[in-house]
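>>> coords please:
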Amino acid sequence: MLGVIRWIPDLDPLDPFGVYLRFYIQRNVVFMKLINPVLPLLQNTLHNTGRLLFPSLLLLAMQSCGSNGSNPVSSSVELSPATTPNDSVTLYFDGDPESFQIEDLAVALALFLNREASTSEIQAIASDVVGVTLSEAQIIGAGSDPLAAFDLNGDGNPGEIEDLGVALAVFLSVETPTAESINTICEDILGLSCNVTADTPLPIPGATPFPTAGFSVQGETVASLAVNGGELLDVTPDGSLAVVVGGTGINLVGISGTSLSLVNQIELPEANFPENSTAAEFTGVSISPDGSFALVGIKDDDDANLDTFNEVPGKVVAVSLPDLTVIGEVTVGIGPDSIDIAPNGQFAAVANEDEEDEENLPSPRAGSVSVIDLSNGPENLTVIEEVAISPEGIPVFPTDPQPETVVISPDSSYILATLQENNAVARIDISSLEPGGFSVVNFDLGQRAGEGFLEGRIGDAPCQSSNGYADATLESFVSSREPDGVAITPQGFFVTADEDNVAVELNGAGIGSPFGARSISVFDASSGAFLGDSGNSIEEAVVGESLPQRCRNKGPEPENLDVGVILGRTLAFTVLERSDAIVIHDVTDPSTIVLLDLVPLVTDPEDPDFVIGNDRSAQLEPEGIKFVPSSNQVVVSNSSNETISLINLTVN
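Next up is the predicted model:
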């Protein structure tokens, strides 16, 4: 056996805090058989005690396995009473920064035993060794390589036994851990010093999830590819393929290293047009959790219907991957604009915007969210319910909710839908996947006060990128957020891309503004409470890079966004429609959102779409964005020039 278990017989093995059982675990050692006989006891103890009784439990395991220790342990040993676990520690591995609990320890241990462990292997080790069940969302929430930041004792060597010792010590600590207490626990449990000094950045209450001195992320656009329509996109779970939709095209794009390639492409078949429509366009797209098919929204694009505000209900089609064969379809509400498949693969949500006449709001018809049953496979799509959005809690045009973007929570228990023109987000809780199993509460997103350049059109004085906006003057504004895109973080927050869309006067009070919020914002997904926003950082970055923006009309226009976790930090990746760029923010602490980088999508001055410092308007107008955790890359779909862009992330 590669894992050596050693204990000292002259010490009392029944004292859970005095046992000096020393064990050394070499990488890739699996000691499941040793612990299996006492897994129920171990799991219960780990969940309910503040100090890990690993020594006593391992002694029990040794006896249960028939080990020939010289001081056998009675099987009737009583464990110490449970104490309160250290829930305030913010070191984490499972994507939840609120506490460091047994799930985090399970991920840390699994990655220590097998640095290259896949999601399923982490789940197996966590279940077999520690006795806890980890969801895929928890493991993905931990980031693509949590072990890369697993240098907890600060010696420059991540993933060593001393680092695991620090994680154990943090988990065990009833009080705020110190260098001395961590080294003591390491000595007691592992029989070695974890070499933590007073200068080591410790994962203590109130600290960031990992030591973050010098943490940075920079992006670089490394590839672009022409496609047929570049409205929105999704990426397969393994990060190797992207499905890009827009206009009448569905594109399957290969992602390999720093290159993009067109794998397959189809045109929208007339047989799948909405009923009583002579023209249609693809809108949203979402790929199934197993990567075997994608759902694509189709909306009526018949001018005769649109000009008379008589748009007909749209459709959702299922296409198999990678051949893009249409294998199923279902009729949904009017104007399907966004679609998301639940992480559990059992259902999907569709935002039916039903815009009607945007110049004369509110319109008579209200939008809705269709919930599609996927339990019978993509060939047998049915709508469970077209969920109506209640007017309660909607601050603007409450009788005309217009769902724009939908996203489903990591545990598949609720749906969020942005109501852009209404300056709200609807939360749809799911009690059952049957009619009547959905309840709606709306969150008013409020307004943002900020500063920006508010005069001039793109390229006209003083809104000129050619001189770095030198003649522009900062002015104050107040604007509704009116988000387009939304994403849910592993911590249970939601992040919005605050595009702003309408400027109206309602009962004498200004609800919107022509200037736009020019921000991303973070809210509590349970209560809708505002937690923080990015302030003026987006426009400041755009000006600093001499990129275009609409000064007097919504500025850079944050359009859509995605979130991901890198080295324990929750990051938001946002496309700027009027600046041909993305911005990266650290939103781990919503009260202190930090801009990490702005990444132009075109950097070659010889490229016909180059817009840096030349007073040109945006040529790409990016709309869709996805973070690829397996490769630390970002993929962007560009609606205007029908391309997609690939961005590499460098993490320091």
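>>> Now do stretch 244-259, average pLDDT.
In this model, stretch 244-259 carries a mean pLDDT of 97.
>>> mind checking how far that stretch is from the chain centre?
21 Å (CA atoms, centre = their mean, to the nearest Å).
>>> Kindly report the same for stretch 604-617.
31 Å.
>>> Give me the contacts around that stretch.
Identification of contacts with stretch 604-617 by CB atoms under 8 Å, 6 or more residues apart in numbering yields 458-459, 464-466, 468, 545-548, 578, 580, 600, 602-603, 618-620, 641. Placement of C-beta: from N, CA and C, glycine included.
>>> Pull out the buried residues from these.
458, 464-465, 545-548, 578, 580, 600, 602, 618-620, 641 (16 or more other CB atoms under 10 Å).
>>> wait, which of those is closest to Leu268?
Asn641 (20.1 Å; CB to CB).
>>> For the closest residue to the closest one other than its chain neighbours, what is the enclosing helix or strand?
Of all residues not flanking Asn641 in the chain, Leu620 sits nearest, at 5.3 Å (CB to CB, 6 or more residues apart in numbering). Leu620 belongs to no helix or strand when elements are defined using DSSP states H and E.
>>> Report the contact partners of Leu620.
580, 601-602, 609, 638-641, 643, 645.
>>> and of those residues, the nearest to Asp323?
Nearest to Asp323 among the contacts of Leu620, with distances taken as CB to CB, is Thr643, at 23.5 Å.
>>> Can you pick out the ones from the contacts of stretch 604-617 that are in helices?
Counting by DSSP state H, none of the members of the contacts of stretch 604-617 fall within helices.
>>> And Leu241, how far from Ala417?
27 Å (CB to CB, to the nearest Å).
>>> Of these two, give the one with the bigger neighbour count.
Ala417 (33 against 21; other CB atoms under 10 Å).
>>> Please name the bridge partners of that one.
Beta-bridge pairing of Ala417 under DSSP bridges involves Val406, Ala426.
>>> quick one: contacts for it?
349, 351, 369, 389, 403-406, 425-426, 428, 486.
>>> Out of those residues, grab the one that's most surrounded.
That'd be Pro403 among the contacts of Ala417, by other CB under 10 Å, with 33 neighbours.
>>> Tell me where the stretch 301-450 of the chain has strands.
Using DSSP state E, counting those that start in this stretch, the strands of the stretch 301-450 of the chain run over 313-320, 326-334, 336-341, 347-352, 368-373, 382-388, 403-408, 414-419, 424-430, 438-444, 447-453.
>>> Now do the helices for the stretch 501-650 of the chain: every range, in order, please.
Remark: helices assigned in the stretch 501-650 of the chain by DSSP state H, counting those that start in this stretch are 537-544.
>>> Any buried residues in stretch 570-583, and which?
Those would be 570-583, for stretch 570-583 by 16+ other CB under 10 Å.
>>> Any chance of CSV for the strands of the stretch 301-450 of the chain, columns distance to Gly249?
Below are these laid out as CSV (distance: least, CB to CB, whole Å):
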stretch, distance to Gly249
strand 313-320, 12
strand 326-334, 14
strand 336-341, 17
strand 347-352, 20
strand 368-373, 23
strand 382-388, 25
strand 403-408, 21
strand 414-419, 25
strand 424-430, 30
strand 438-444, 33
strand 447-453, 36
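>>> got the contact list for the spatially most central residue of the chain?
Closest residue to the average C-alpha location of the chain: Val563 at 3.3 Å, with CA atoms, centre = their mean. Listed by CB under 8 Å, 6+ apart, the contact partners of Val563 are 487-489, 495, 570-573, 587, 627.
>>> what's the lowest-pLDDT member of the buried ones among the contacts of stretch 604-617?
When the buried ones among the contacts of stretch 604-617 are compared, Ile458 shows the smallest pLDDT, 93.
>>> shaky segments in this structure?
1-105, 111-112, 114-116, 129-131, 136-159, 170-177, 189-190, 199-214, 501-513 (pLDDT under 70).
>>> Any idea what Thr252 is bridged to?
Slight slip there: residue 252 is Leu, not Thr. Val243, Asn264.
>>> Give the other helices and strands that the helix or strand containing Leu262 contacts.
For Leu262, the element it lies in under DSSP H and E is strand 259-267. Helices and strands touching strand 259-267, by 3 or more CB pairs under 8 Å, 6 or more residues apart in numbering; DSSP states H and E, are strand 217-226, strand 249-256, strand 643-651.
>>> go again using 6 Å as the cut-off
Secondary-structure packing of strand 259-267 (3 or more CB pairs under 6 Å, 6 or more residues apart in numbering; DSSP states H and E): strand 217-226, strand 249-256.
>>> Deepest in the core, which of the ones you listed is it.
strand 249-256 (a mean of 21; mean count of other CB atoms under 10 Å).
>>> the inter-axis angle of that one versus strand 643-651?
Between strand 249-256 and strand 643-651, the angle comes out at 30 degrees (axes from the mean of the first three to the mean of the last three CA atoms, to 10 degrees).
>>> what's the nearest residue to Val330 if we skip its chain neighbours?
Nearest to Val330 is Leu381, by CB to CB, 6+ apart, at 3.9 Å.
>>> wait, isn't the one you found in contact with Thr331?
No: assessed by CB atoms under 6 Å, Leu381 is found out of contact with Thr331, at 9.6 Å.
>>> more neighbours, these two?
Neighbour comparison, Leu381 and Thr331: the larger count goes to Leu381, with 22 against 16 (by other CB under 10 Å).
>>> how close does the more buried one get to Ile327?
9 Å.
>>> same thing with Pro462?
With CB to CB as the criterion, Pro462 and Ile327 are 55 Å apart.
>>> Phe573 now?
Phe573 is 31 Å from Ile327, by CB to CB.
>>> now Gln218
41 Å.
>>> Pull the contacting residues for the nearest residue to Ala541 once chain neighbours are set aside.
Closest residue to Ala541 apart from its sequence neighbours, by CB to CB, 6+ apart: Leu598 at 4.0 Å. Applying CB atoms under 6 Å, 6 or more residues apart in numbering to Leu598 gives the contacts 541, 545, 581, 583.
>>> And those residues, which is closest to Glu434?
Distances from Glu434 to the contacts of Leu598, taken by CB to CB, are shortest for Val583, at 41.3 Å.
>>> Can you name the residues that contact the closest one?
Val583 touches 538, 574, 598, counting by CB under 6 Å, 6+ apart.
>>> with the residues you listed in mind, which one is nearest to Asp411?
For the contacts of Val583, the nearest to Asp411 is Thr574 (24.5 Å; CB to CB).
>>> Counting neighbours, what do you get for the closest residue to that closest one other than its chain neighbours?
Closest residue in space to Thr574, ignoring its immediate chain neighbours: Leu561 at 4.1 Å, by CB to CB, 6+ apart. Number of residues near Leu561 (other CB under 10 Å) recorded here: 26.
>>> Ala572 is in contact with Leu561, correct?
Yes: in this structure Leu561 lies within contact range of Ala572 using CB under 6 Å: 5.5 Å.
>>> picking that back up, show me the contacts of stretch 604-617 that map onto strands.
Pro600 (DSSP state E).
>>> Just the endpoints, please. Distance across stretch 541-549?
11 Å (CA to CA, to the nearest Å).
>>> would you say Ile185 is within a helix?
Yes: counting by DSSP: H, G, I helix; E, B strand; the rest coil, Ile185 is found in a helix.
>>> count of residues packed around the spatially closest residue to it that is not a sequence neighbour?
Nearest residue to Ile185 in three dimensions, chain neighbours excluded: Ala169, at 4.0 Å (CB to CB, 6+ apart). By the criterion of other CB under 10 Å, Ala169 has 26 neighbours.
>>> Ok, Pro435 next?
Other residues close to Pro435 by other CB under 10 Å number 12.
>>> Verify the contact between it and Glu386 for me.
No: with contacts defined as CB under 6 Å, Pro435 does not count as touching Glu386, sitting 9.8 Å away.
>>> Output stretch 338-349 as PDB, nothing but the C-alphas.
Provided in PDB are the C-alpha atoms of stretch 338-349 (Å, rounded to 0.1, in the frame of the first residue of the first chain):
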ATOM      1  CA  SER A 338     -33.600  33.500 -25.500                       C
ATOM      2  CA  ILE A 339     -33.500  29.900 -24.400                       C
ATOM      3  CA  ASP A 340     -31.700  28.000 -21.700                       C
ATOM      4  CA  ILE A 341     -31.600  24.200 -20.900                       C
ATOM      5  CA  ALA A 342     -31.700  23.300 -17.200                       C
ATOM      6  CA  PRO A 343     -28.400  21.800 -15.800                       C
ATOM      7  CA  ASN A 344     -30.400  18.700 -14.900                       C
ATOM      8  CA  GLY A 345     -31.400  18.300 -18.500                       C
ATOM      9  CA  GLN A 346     -35.100  17.800 -17.700                       C
ATOM     10  CA  PHE A 347     -36.600  21.100 -19.100                       C
ATOM     11  CA  ALA A 348     -35.800  24.300 -20.900                       C
ATOM     12  CA  ALA A 349     -37.000  27.900 -20.500                       C
END
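>>> Cool, thanks, talk later.
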